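A.B. asks: Sharing a model that was predicted from the sequence below.
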Amino acid sequence: MNQSESKKLKAIIVDDEELARQGLSMRIEQYEDLEIVAECRNGKEAIAAIIEHEPDVVFLDIQMPGMTGFEVINEVQGDVMPMIIFVTAYDAFAVAAFKVHAIDYLLKPVEVEGLARAIDRAKQQKEQKVAIPEKQKLLELAVSLTGKSASAIGELIYSEEDIVERADRLAIKDGSSITFVPVKDIDWIDAAGDYMCVHVKNETHIMRTTMKELEAKLDPLIFQRVHRSTIVNTEQVEKVSSHINGEFHLTLSCGSSIKMSRSYKGKVKHFF
């Protein structure tokens, strides 16, 4: 496999209507950086295809006979869960879709602009997942070699420019007013579609921004990704509990319990 092929997003289309599958497939084939590896007629086929192909993204219909799109997600193991783009004729499921961390929600008939936005968002999330910053690699190596804490050696790795760019507080607009939230007070953050939910002392503030943009404003020595859609303030972690399925649950000082996916379990060492 050459380098250009390895950068392609592997995609699966799931829809019980053949014409819908064909139409979406024709549009997706116009994107050279996407490869359709399977087309499925129902939830059972979708689960089998996800396990076999481990796709990056699934274009998933919601209302299908036998098993809905939400039931498909519930049946897929967290460590192989692809990015989900719901494609449906109904807008009534939008809130539920974002609660399961779908990256987009397209209404049939799918518009060109909407599809382009969804694919671009999928590519950005893929880049975030696979591109570990070199400075973060160096930091983790230094921690393991010296035994010192990350904060103790952080200044040796992160330049003055990096530190200046990080925010001390977030300006969150709510209608005609703006709330300034001190970054140190943030407990955790999760994504909900085009919005970020910033949880601070049992209050939730909504920001219209991307995970990538918000993460760039936060100190990586303190704020760690524990799920593809969740960032946690590690200084607020009071307890780490392991489960038999390989996942961890983080108990925060505010009382919230956050699930850490298995692919991020290596970050547990940052909490001690």
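C.D. replies: Perfect, I can see it now.

A.B. asks: Could you use CA atoms for every contact and neighbour count after this?
C.D. replies: Will do.

A.B. asks: what's the nearest residue to W188 if we skip its chain neighbours?
C.D. replies: Among residues not flanking W188 along the chain, V232 sits closest, at 4.4 Å (CA to CA, 6 or more residues apart in numbering).

A.B. asks: Export only the CA atoms of the strand or helix carrying the one you found, formatted as CSV.
C.D. replies: Assessed by DSSP states H and E, V232 sits inside strand 230-233. Below are the C-alpha coordinates for strand 230-233, written out as CSV (Å, rounded to 0.1, in the frame of the first residue of the first chain):
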residue,chain,number,x,y,z
THR,A,230,-13.9,14.0,25.7
ILE,A,231,-11.2,16.1,27.3
VAL,A,232,-10.5,15.9,31.1
ASN,A,233,-8.7,18.2,33.5
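
A.B. asks: Quick one: mean pLDDT for it?
C.D. replies: Strand 230-233 carries an average pLDDT of 90.

A.B. asks: Tell me which residues are up against it.
C.D. replies: Contact partners of strand 230-233, identified using CA atoms under 8 Å, 6 or more residues apart in numbering, comprise I186, D187, W188, I189, D190, A191, I222, F223, Q224, R225, V226.

A.B. asks: which pair in those residues spans the largest distance?
C.D. replies: Spatial extent of the contacts of strand 230-233 (CA to CA) is set by the pair A191 and I222 at 18.5 Å.

A.B. asks: So for the two, which sits in the more crowded spot?
C.D. replies: Comparing A191 with I222 by other CA atoms under 10 Å, the one with more neighbours is A191, at 25 against 16.

A.B. asks: Now do the SS call for the more buried one.
C.D. replies: Per DSSP: H, G, I helix; E, B strand; the rest coil, the local secondary structure of A191 is strand.

A.B. asks: With Y90 instead?
C.D. replies: Classified using three-state DSSP, Y90 is coil.

A.B. asks: wait, isn't it in contact with Y105?
C.D. replies: No - between Y90 and Y105 there is no contact under CA atoms under 8 Å: 10.0 Å.
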